[in-house]
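[1] got a sequence here, can you build the structure:
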Amino acid sequence: MNFHDELRLLIEARVAVIQVLTHDEERLIETLTAVCTEQAEGGTKPGLYAWDLADKNFSVLVKGEPSVDTAKELTPDTILPMIEKSASPGIYLLRDFHQVWEAKKTTIRHLRNLVQRLPRSPVPRTIVISTPPDLTPVELARPAGLKQDIVCLDLGKPDAAEIARIFERVWGDRRPTAALLQGMAEAALGLSGLQAARVAGRVFALAGERARAEKRGRPQVGEWALDDIRAEKKRIIRESGALQIVDDVEQAPSVGGLEVLRGWLEQRKEAFTERGFAYFGRDLPRGLALVGIPGTGKSLCAKVTASIWRMPLLRLDMGAVFSGVLGSSERNIRDAIEISELVSPCVLWVDEIEKAFAGSGGDSGTASRVLATFLTWMSEKQKPVIVLATANDVERLPPEFLRKGRFDEVFFLDLPTDEERVAILKVHLEKRGYSQVALNFNLAQVVAKTKGFVGAELEALVKDALFPAFMAGERAILTDDLVKSACEMVPLAKSRAHDIQKLRKLVLDGEARNASRATTADEVKFDQIRGERQLDLP
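    So this is what the prediction gives:
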């Protein structure tokens, strides 16, 4: 049930006091106005009246019969008695009324009395209290004495249809075609109503500048505005919460090796097309987890996943989720979930997730509550938000986190094989302009010196080789440069050998799949022995 229908149902059910968490008071007023109009069509004539601490008298938003006397000034002490005695049916919107009950504890008692008395009155009246959703601590928004008496709703962020109406209101007859307007509204998904209105105002101002520059008298919003909307959306989401829109996704050729993982991704990419949605229904991929030591390409794979599946990539910063004052973390994770569902289908990337949820019972309970919210959503989500979690140390994760149902598959990214190291070196050399790598380099010689090197270390090796080549007259890199750089580096695998063996046990125990190649149980044991020998580096 959407917000409009739920609010209408509560008002028709004679619920006395409803609290709505929102920054978008204009959207709330639009919804309440629509509810009044629907009730008027049914025969009643309810009004909509708004009051706040600044104006101190009612403003009539929808005139009812009989109407409220708006000339009388109302204070926090007299507003509730006035509503109780009023003969005017309708909705009474009290904006930021939490500031009143925070200062006057008798207000809580009076509201509780109204919860009992108003439903029995022959005059239908509903009090709607609008409150900013980010008040902390949580008890400030709704005191303990009212939690059982007041219904609390979250208006949430607008969908594409609402954003389109906001754009139309700002742009008027300068709006683009219906198809382009819909595309712009979808590009702005994830913004609040206020933010969407500000973006629309900015676009309209730019349209005026373009018209003046091109010496046209009438500004017109065109397709050029899409890029500006996306850029503003990216900036707003980055500044307002724990989500970031990642634009620099990588193509599949950027990954050297990991054939099983790449094949798994390719096999499922058509599931997110229209045909796939129709065929799979709710059985779409839900997510995948990538585990392995640092530098094996987990973050790169997140970017490649979004590219292969042709989806936007959102990065969830768990550090930002837990930042701020007590009580804000739960709100941050709910906001991130809401935005990701609005933007869906998308890939939600949670990097190094063990750092966020390790020891989730050791603090004041915040981490465990955030974890519970996130896990419940992962199990029950209906929108195509693909969670891609990366982890370096799975032992620090709660055991229930990686179970089936939340993730379709868990992949282990091992140390690159000889063949994979050749592929990774080719990728990084080609990025630097060396197109015929096989002809210009003896990669077998380099690979022999890079046992235990992960992808990040191989990239660093190529970068280091550039410096002696530059100092020797800006010449091209030689095989000897690469070999020398390899000999001077100490791979992380040498100091983390024990950790790698523990991670390899996930494959041995059947808890994860090797991302590089399909293996039988006997091959896994062989890989274990081979890996132990490989880690015995000079």
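[2] isn't Pro89 right next to Pro124, touching?
    Yes. If you go by CB atoms under 8 Å, Pro89 and Pro124 touch, sitting 4.8 Å apart. No exception for glycine: its C-beta is placed from N, CA and C like everyone else's.
[3] which one of those two is surrounded by more residues?
    For Pro89 versus Pro124, the count of surrounding residues by other CB atoms under 10 Å is larger for Pro89: 19 against 16.
[4] so Gly145 touches His110, yeah?
    No. Contact between Gly145 and His110 fails when scored by CB under 8 Å: they sit 11.3 Å apart.
[5] in this structure, what secondary structure element scores lowest on mean pLDDT?
    Scoring the helices and strands of the chain by mean pLDDT, DSSP states H and E places helix 521-534 at the bottom, with a mean of 48.
[6] if we can go back for a sec, tell me, what's touching Pro89 and Pro124 both at once?
    Overlap of the contact sets of Pro89 and Pro124 (by CB atoms under 8 Å, 6 or more residues apart in numbering) consists of 44, 46.
[7] okay, now the unreliable bits of the stretch 401-538 of the chain?
    Within the stretch 401-538 of the chain, the ranges that satisfy pLDDT under 70 run 405, 518-538.
[8] which stretches of it form helices?
    For the stretch 401-538 of the chain, the helices defined by DSSP state H, counting those that start in this stretch cover 418-431, 437-440, 443-448, 455-471, 479-488, 492-495, 497-508, 521-534.
[9] same check on the stretch 201-350 of the chain?
    Under DSSP H, counting those that start in this stretch, the stretch 201-350 of the chain gives helices at 225-240, 259-268, 274-280, 298-308, 318-321, 328-343.
[10] can you flag the weakest of these by average pLDDT?
    Among the helices of the stretch 201-350 of the chain, helix 274-280 has the lowest mean pLDDT, at a mean of 78.
[11] show me what contacts Gly241?
    Shown in contact with Gly241 (CB under 8 Å, 6+ apart): 320, 332, 335-336, 339.
[12] what about it, distance to Asp480?
    50 Å (CB to CB, to the nearest Å).
[13] likewise for Ile29?
    73 Å.
[14] ok, these two, which is more surrounded?
    Using other CB under 10 Å as the criterion, Ile29 and Asp480 rank with Ile29 on top: 18 against 13.
[15] follow-up on the earlier one: let's see if you can find the most crowded of the contacts of Gly241.
    Neighbour counts for these, by other CB under 10 Å, peak at Ile339, which reaches 27 neighbours.
[16] which parts of stretch 418-428 are buried?
    Neighbour counts over stretch 418-428 (16 or more other CB atoms under 10 Å) mark 420-428 as buried.
[17] pipe the helices of the stretch 401-538 of the chain into TSV and attach distance to Glu409 per row.
    Below are these laid out as TSV (distance: least, CB to CB, whole Å):
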stretch	distance to Glu409
helix 418-431	20
helix 437-440	32
helix 443-448	29
helix 455-471	20
helix 479-488	33
helix 492-495	24
helix 497-508	12
helix 521-534	16
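[18] single out the most deeply packed of those.
    Of all the helices of the stretch 401-538 of the chain, helix 418-431 has the most neighbours on average by mean count of other CB atoms under 10 Å, namely a mean of 19.
[19] the inter-axis angle of that helix versus helix 479-488?
    Relative orientation of helix 418-431 and helix 479-488, computed by axes from the mean of the first three to the mean of the last three CA atoms, to 10 degrees: 120 degrees.
[20] what is helix 418-431 packed up against?
    Packing partners of helix 418-431 (3 or more CB pairs under 8 Å, 6 or more residues apart in numbering; DSSP states H and E): helix 437-440, helix 443-448, helix 455-471.
[21] which of these sits closest to Leu265?
    Closest to Leu265 of the helices and strands packed on helix 418-431 is helix 455-471 (CB to CB; 17.2 Å).
[22] which residues does that closest one contact?
    Contacts for helix 455-471 (CB under 8 Å, 6+ apart): 256, 294-297, 300, 416, 421, 424-425, 428-429, 432, 450, 453, 475-478, 481-482, 484-486, 488-489, 491-492.
[23] between the helices and strands packed on helix 418-431, which gets nearest to Arg396?
    For these, proximity to Arg396 was assessed by CB to CB; helix 455-471 is nearest, at 21.2 Å.
[24] from the middle of its chain, how far away would the closest one be?
    How far helix 455-471 lies from its chain's middle: 36 Å, per CA atoms, centre = their mean, to the nearest Å.
[25] kindly report the same for stretch 448-464.
    34 Å.
[26] start to end distance for it?
    18 Å (CA to CA, to the nearest Å).
[27] follow-up on the earlier one: tell me the most buried of the helices of the stretch 201-350 of the chain?
    Scoring these by mean count of other CB under 10 Å, the most buried comes out as helix 298-308, with a mean of 23.
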